[in-house]
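A.B. asks: Prediction below, plus the sequence it came from.
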Amino acid sequence: MSLGDLHYGISTLLALALIPFLRRLNLPVNFDWVKLASTYWLVLAAQSIFVATLLCLIGFPAQESFRPTIQRWRKNKVLIVFWLAYFLILFWQLTGVKAFILTVDTIAILEFRERLKPKALQKALLAVFVPAGYLFAGFLLVFAYNDIILSVRFFGAADATFNAMDKWLFHGASVSSLCHWAVHIFPVSFFSFLEFIYFGMFAQVGAGLLLSSLYYGKTRGLRFVGTILTAYYLALVLFYLWPSQGPYYLCPIHFSDFPNTLQVYATQKNSMMKSQALWNHLPIGRISTDYYIAFPCMHIAQPLIALWFLRRWKRMVIVLAAYDVLLLVAVVLLEWHYVVDILGGVLVAILAIATVDGHELWMWTRCQPVPETVEGMSSA
């Protein structure tokens, strides 16, 4: 097995050891399948298709992206009426944002199907669903081993150390002090916007998977997923060595000062309660989507990996890089991560890319072109 395929072996070993670990620690051997399926296969899939469509409109020439669609609508104006009615029906049943996303998704999927021959369409579906299934299985392992680690390691053991490192880096300042300064300066709507940016990161990763798989094929899609999972497996090791919750855990005024109308507020409070329950070996019903790792910051590692795999399309990278700058602000001002966590996320991303995609990274650092092996849907 080559170094680039090492993640397959690690995933297999973690899967084989999972049930014995769960039984040994009296943890449930079942997952919250309804929540996992709805979050991953429905919500995240819809968001990812929407973001991938926007990136295609930004990164691809007009004659390859939206111009054929516009021309078809001009020839058959009934389609415009149909899509408007479709949007209004969704708007009546859902919110305006959800209706818009689902309308764009439906148009994109049907346009993609229109432009491909049946055999090419089957190949495209295989190129997407195999890596997506592998990513889903990997996430199940990460969620489960989160609970396993917190059952044997105190969840805030390294928080004081990371907070001290931050203060040393910034001569006494900390993420908490910066966050609560911002709380008293900016309105709640500003933090709602940061929350939207923070949770939108997952759609960026999903879009990266879609574009890598559809353009380069299943092999490249699996490499993208392998890099993401390698980063997560490294994060699990670091979480076991230095478990931490984040700056909000040590901050004595976080939950009294931070806007309690935000989803982040409830998520952070819930994370502390569940971490405490796992450490005290209290029974939990099912393994769900709870995620506790603060160091390293995977909200930085994953976008960097996505940027690496999408680097072919410069305009996409520029837009995503601008988004990731806002994401960096959100990570800090929502009091999710120490600055040390962010630095750790950068290092984990680099190490994961070097492990799984090392040949291309080496060629890129030497400014040498990498031969393209396109087996995907580039012609579409």
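C.D. replies: Perfect, thanks for sending it.

A.B. asks: Can you identify each of the helices in the stretch 201-350 of the chain by residue range?
C.D. replies: Under the criterion DSSP state H, counting those that start in this stretch, helices of the stretch 201-350 of the chain are mapped to 201-216, 218-241, 247-250, 254-257, 263-279, 298-309, 314-333, 339-356.

A.B. asks: Next: the stretch 1-150 of the chain.
C.D. replies: Going by DSSP H, counting those that start in this stretch, the stretch 1-150 of the chain shows helices at 6-24, 33-37, 45-59, 67-75, 78-93, 96-115, 118-152.

A.B. asks: quick one: the shortest one to chain centroid distance?
C.D. replies: Read that as helix 33-37. Relative to the chain's own centre, helix 33-37 is displaced by 17 Å; criterion: Cα atoms, centre = their mean, to the nearest Å.

A.B. asks: Could you check how far Ala182 is from Thr289?
C.D. replies: Separation of Ala182 from Thr289 (Cβ to Cβ, to the nearest Å): 28 Å. The C-beta positions use only the backbone N, C-alpha and C, and glycine is treated the same way.

A.B. asks: Quickly list the domain ranges of the protein.
C.D. replies: Annotated domains of the chain cover 3-30+119-365, 31-115 [automatic domain parsing].

A.B. asks: And the last one, end to end?
C.D. replies: Same thing as domain 31-115. Using Cα to Cα, to the nearest Å, the end-to-end distance of domain 31-115 comes to 39 Å.

A.B. asks: Deepest-packed of the domains of the chain, please.
C.D. replies: Burial of the domains of the chain is given as mean neighbour count (mean count of other Cβ atoms under 10 Å); domain 3-30+119-365 ranks first at a mean of 18.

A.B. asks: Tell me which residues touch the residue lying closest to Leu211 once chain neighbours are set aside, please.
C.D. replies: In space, and not counting its chain neighbours, Leu211 is closest to Ala52: 5.6 Å by Cβ to Cβ, 6 or more residues apart in numbering. Ala52 makes contact with Ala108, Gly206, Ala207, Leu210, Leu211, according to Cβ atoms under 8 Å, 6 or more residues apart in numbering.

A.B. asks: Tell me which two of these sit farthest apart.
C.D. replies: Using Cβ to Cβ, those span at most 13.5 Å, a distance reached by Ala108 and Gly206.

A.B. asks: overlap in contacts of the two?
C.D. replies: Ile49, Ala52.

A.B. asks: And the helices of the stretch 1-150 of the chain: which comes nearest Tyr198?
C.D. replies: Closest to Tyr198 of the helices of the stretch 1-150 of the chain is helix 45-59 (Cβ to Cβ; 13.4 Å).

A.B. asks: Give me the distance from the closest one to the chain's centre.
C.D. replies: 14 Å.

A.B. asks: and the gap between the residue sitting nearest the centre point of the chain and Gln122?
C.D. replies: Residue closest to the mean C-alpha point of the chain, counted by Cα atoms, centre = their mean, is Phe202 at 3.0 Å. Per Cβ to Cβ, Phe202 is found 27 Å from Gln122.

A.B. asks: again with Gly217
C.D. replies: With Cβ to Cβ as the criterion, Gly217 and Gln122 are 13 Å apart.

A.B. asks: what do you get for His7?
C.D. replies: For His7 relative to Gln122 (Cβ to Cβ), the value is 26 Å.

A.B. asks: Let me see the contact set for Leu57.
C.D. replies: Residues in contact with Leu57 (Cβ under 8 Å, 6+ apart) are Ser65, Phe66.

A.B. asks: which residues touch the residue nearest to the centre of the chain?
C.D. replies: Taking Cβ under 8 Å, 6+ apart, one finds Leu44, Gln47, Ser48 in contact with Phe202.
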